[in-house]
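1. Sharing a model that was predicted from the sequence below.
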Amino acid sequence: MAVLTRRRETPNVLGGLLGWVYLAITIVPIYYIVVTSLRPRETYYTSNPLSWPSAPTLEAYRQVLAADFARYFLNSVIVTAVSVAVVVFLSLLAAYVIVRNRSKLTRRMFDLLLLGIAIPLQGVIIPVYYLIVEVGLYDTLWAIILPSIGFAIPITVLILVNFLRDVPGELFESMRLDGATDWRMLWTLVVPLSRPAIVTVAVYDALNVWNGFLFPLILTQSSSMRTLPLSLWSFQGAFTVNVPAILAAVVLSVLPILAAYAVGRRQLVSGLTAGFGK
Amino acid sequence: MTATPRVGAAAPARRGQRSVGTGAGSRGAGSPGPSAWLAAPALVFFGLFAIVPLLGVVALSFTQWDGLGTPTFVGFDNWPRVLGDPVTQNGLKLTILLTVATLVIQGPIALLLGVFMAGRQRYRELLSILYFLPLLFSAAAVGITFKALLDPNFGLGQAFGWDWLNQDWLGRPELVIPALLFVINWCFVPFHSLLYQGAARQIPASLYEAARIDGAGRVRTFFSITLPQMRSTIITSATLQIVGSLTYFDLIFVMTNGGPGNATRVLPLDMYLRGFRSYDMGGASVVGVVIVALGLLVSFLLNRLTGNTRMESQMEGV
Amino acid sequence: MAGLTRRAVIAASVAAALSLAACGGGKQPSGPGGGASAAKTGFSAWALTGGAETTMKNSFATWTKENSSAPASVEFIANDAYKEKIRTAVGSGNAPTLIWSWAGGSLQDYVKNKNVVDLTDSTKELQSRLVPSILDTGKVDGKVYAVPNNNAQPVLMYYNLDVLKKAGISTPPKTYAELLDAVSKLKAAGVDTPISLAGQSLWPELMWIEYLLDRQAGTEVFDRILKGDKSAWSDPGMLEAMGKVQELVKAGAFGDKFGSVVADSNADAALLHTGKSAMLLQGAWVYGTFLTDAPDFVKSGKLGWGPFPTIEGGKGDPSNVYGNPANFWSVSAAASPEQQKAAIDYLNKAMFNESYVTDLVKDGMVPVTNDAAPKFKGSDQEKFLTYAYDMTANAKNFQLSWDQSLSAAQSQALLNNLGQLFLGRQTPEGYAKAMQAVQ
């Protein structure tokens, strides 16, 4: 059952107008990125930055793909997939506990996690570095995955708790009367109902890990362990920068997440029809 | 280990708020809920890779270290030096300014956008993908893009032929802060509107039906139904925004590196520059601890004072 | 039910811990990222992207082919990212065998903490090939701790001869007075930004004050600062130089938008080759930028170059040069003896050999060897290379940029206050006081 019916009396003109303005603001910089990635390097400064290039070229893309792009891409995929899977699973368990188990202990857990939201990455990176070195994981993909999981958990739990608490208690009660265990309730009730939330946090966490720069930078050193954000280095000279190539690399690294989001949105929408509107 | 089951619902002890007793957080008699052990793995990861390093930072703040030698213990020496430094104090002011400005700008826009997207407009599919795009780009990408677009000689001004766009955006202290705010909000409004969109969709249609029958207009409905129902999401989003602003580093670093002068040297940037450019790890750690303390204070206050830690649902009696 | 859950969780944790340990048996972060055998006998290096990257890639590849028992493994990292990584790596004993540096303050830190090896005696073979003044930069207390590894990067003036001519200036200004005159002529001709300056990046502004001080008062003022004499910041010569900066800014020499111009996207070079500016003070590497971003501009002969103007009555030797003499390799003291030996062998035998120098010249860069001049003949970039090389070789003093020579804390304060000075928010006296207050 639809939860929000559109008013059919008067069209929301002001809202529509503002929506279009905001759309323009959103799109122009992205258009710039795409257009510049197709521009030949020699005309970069002489042409209007927003114009479609008179001689568009895929040269920048060719350079990016030739610079070991596939390997960085694969590393990014592995790191992101593993991190997000683990984070979402563990955070869901933790959120479930926090929302359903109202003991003092779980309260303290939640408070502790709130602490984690405010930890600045650049501040703790040195201790994390020494920790990773001690455990012997330096310069492996695990060096990126494990701290990413640790840092993503607080926000993920916070968002999931926010969504989970609105699952009506009666549903739990009726399941318990049927003799269901907490575990069973988690899988057959909570997960399906919180699918929109799960997709939201999964995409958000995936984005952060995919674009994460500091962990790969400090915790790995071989080019075989590099992830996509570090691939921009190939086009950043000591004093000069190949702008079209950098932006081409950016476009190529954005496409997979965009695809994931487009697919995930379907889930978001279909998850809603199974919603609990009354 | 499970918590001692409390007899009777949680409801009687928690009066005073509208939402009482029917959300997931209320358990009814005799059910202790899932074992706390389920949360253990999450806490282990978090504890090991976030809390332990944090303790390391606290320890470092009492040492003098240039990154090369071994840290030497200097007691509280770093603290008055750093906290009394006008640059850091300015950083604190800037951080607060940025946080408040972000909240004031980002909050309403994201809220309106989220509610807008939750409705059934035409092209909603396409629009929601387009609105989401800014979030996909890394700070490096956004930084490069906007530095180019804001270039007074080759940027947007030249593109549109509007000379007023050819300002010294990143070079003049009074212009750089609005410019930075614009870019930051450009990046993050999509995420928060996503949160609000999800929340808006959860509002049962029956509430809107009832309002319509009572003859309430669009604006009135928004303020008396939509907003209150999204209360906890608003608080969560505000918490994330505020704490996010406190720790936000990447984009500011790429775009201005704290300049011009110290005009954008917010606390996270101050911490980074102290540690990785001036090689004063002890001083940098002091700033780090300040950031964490601020963030903790804020999220604590926000969540406690607004009752957000109560796990009851908004949807009583629906 | 609770028991079952608890057991499951414990089992999962144990499994996780076990797999962690299994992976943990893997890499230790020392030496090259290659196989175990390479770790023992070869060596590793971290270098910057761009610049001499191709030259180094070829050099290391050739070395590895000819010395399969002591292979070289090299990683190329971007500038800012490198600065973040290297300190941590050296400090934790996990530095690569060959450490890239700009010498100056950071090299002194390395020496003080015994992170790098004394190379005075072991690299005599290499040293004989190099220009002495450049080699001097890598010395600390008279001993060689770092050897140059790429091109000389002096800072010089570039001109758009076409724009100058259109404003009625037939030859580029040779003195400071002529410079001021040229600025007013250009402004009268409608050129809003007579001199291109990447103010956002700060270090291009440093080039101005370095030369202004040197031309005015010679090298002794900064020498005193290097030795730790903070009173030199209030030396009349220094205050004069800062005053001249103010003069230039007030005359509108840099336009009113320089604070947003970014050096790394080559926006300052762009101002010159698109005709929006007439002059630019930048490093020799920018010539390469002109080649890639505006090849026609270079071919048409509109690009001119020359030394920084002199100041009438100034004490400085007009042949003095500022910039980066080169970049340097140091050998990590934390590397094993075999790794050190392999690295030093490489330095002696492969650095600046025939193919190394040829590669550098091909990319438009000036090698720092003492017999490089004949190699430029026939190259497309012959005129520029010869000029830059002569400038380097004949310089009475080639001073490393201030922000590299000073300690980290001092250089941060230096750049910060400099930015304020250019923005008109700092006075020369205030600047001096701020620098004197830095520990």
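-> Perfect, thanks for sending it.
2. Give me the spatial nearest neighbour of the closest residue to chain C within the stretch 51-200 of chain B, chain neighbours excluded.
-> Residue nearest to chain C within the stretch 51-200 of chain B: B:G171 (1.5 Å; Cβ to the nearest Cβ). Just so you know, the C-beta spots here come from the backbone N, C-alpha and C atoms, and that holds for glycine as well. Distances taken as Cβ to Cβ, 6 or more residues apart in numbering or on different chains place C:G259 nearest to B:G171, at 1.5 Å, with adjacent residues excluded.
3. my guess is that neighbour meets C:L423, correct?
-> Yes - the pair C:G259 / C:L423 is scored as a contact, 6.6 Å apart, by Cβ atoms under 8 Å.
4. of the two, who's got more company?
-> Using other Cβ atoms under 10 Å in any protein chain shown as the criterion, C:G259 and C:L423 rank with C:G259 on top: 27 against 21.
5. Touching the strand or helix carrying B:I144 from outside, list them.
-> Element membership for B:I144 (DSSP states H and E) is helix B:139-149. Residues outside helix B:139-149 that contact it (Cβ atoms under 8 Å, 6 or more residues apart in numbering or on different chains) are A:29, A:32-33, A:36, A:49, A:211, A:213, A:229, A:232, A:241, A:243, A:246-247, A:250, A:254, B:134, B:137, B:154-156, B:159, B:170, B:179, B:183, B:186-187, B:250-251, B:253-255, C:200, C:262, C:265.
6. So which of the residues you listed are in helices?
-> Within the contacts of helix B:139-149, membership in helices is found for A:29, A:32-33, A:36, A:229, A:243, A:246-247, A:250, A:254, B:156, B:159, B:179, B:183, B:186-187, B:250-251, B:253-255, as judged by DSSP state H.
7. So which of these reach chain C?
-> A:V243 (Cβ under 8 Å from any Cβ of the partner chain).
8. Now which of the ones in helices among the contacts of helix B:139-149 would you call buried?
-> Buried members of the ones in helices among the contacts of helix B:139-149, scored by 16 or more other Cβ atoms under 10 Å in any protein chain shown, are A:29, A:32-33, A:36, A:229, A:243, A:246-247, A:250, A:254, B:156, B:159, B:179, B:183, B:186-187, B:250-251, B:253-255.
9. So for the nearest residue to C:Y356 once chain neighbours are set aside, what's the pLDDT?
-> Beyond its immediate neighbours in the sequence, the residue positioned closest to C:Y356 (Cβ to Cβ, 6+ apart) is C:S59, lying 5.5 Å away. We have a pLDDT of 94 for C:S59.
10. now what about the helix or strand encompassing C:S59, what contacts it?
-> According to DSSP H and E, C:S59 maps onto helix C:53-66. For helix C:53-66, the surrounding residues in contact (Cβ under 8 Å, 6+ apart) are A:237, C:42, C:45, C:47, C:71-74, C:76, C:149-150, C:346, C:350-351, C:355-356, C:359-360, C:363, C:365.
11. What strands flank the next helix or strand along the chain from that helix, and is each parallel or antiparallel?
-> Once helix C:53-66 ends, the next helix or strand along the chain (criterion: DSSP H and E) is strand C:72-77. Here strand C:72-77 is paired, per DSSP bridges, with strand C:43-48 (parallel).
12. And the residue in the stretch 301-439 of chain C that chain A sits nearest to, how far from chain B?
-> Closest approach between the stretch 301-439 of chain C and chain A, counting by Cβ to the nearest Cβ: C:N327, at 8.3 Å. The gap separating C:N327 from chain B is 19 Å, by Cβ to the nearest Cβ, to the nearest Å.
13. My understanding was that that residue contacts C:S101; is that so?
-> Yes - applying Cβ under 8 Å, one finds C:N327 in contact with C:S101, separated by 7.1 Å.
14. buried sites along stretch A:186-201?
-> A:186, A:189-190, A:193-201.
15. near chain B at all, the helix or strand A:V263 falls within?
-> Element membership of A:V263, judged by DSSP H and E, is helix A:243-273. Yes - against chain B, helix A:243-273 shows contacts by Cβ under 8 Å from any Cβ at A:243, A:246-247, A:250, A:253-254, A:257-258, A:261-262, A:265, A:268, A:272.
16. Which one of these is nearest to chain C?
-> A:V243 (6.0 Å).
17. need the contact list for the closest one.
-> A:36, A:41, A:44, B:144, B:148, C:265.
18. Alright, I will stop here.
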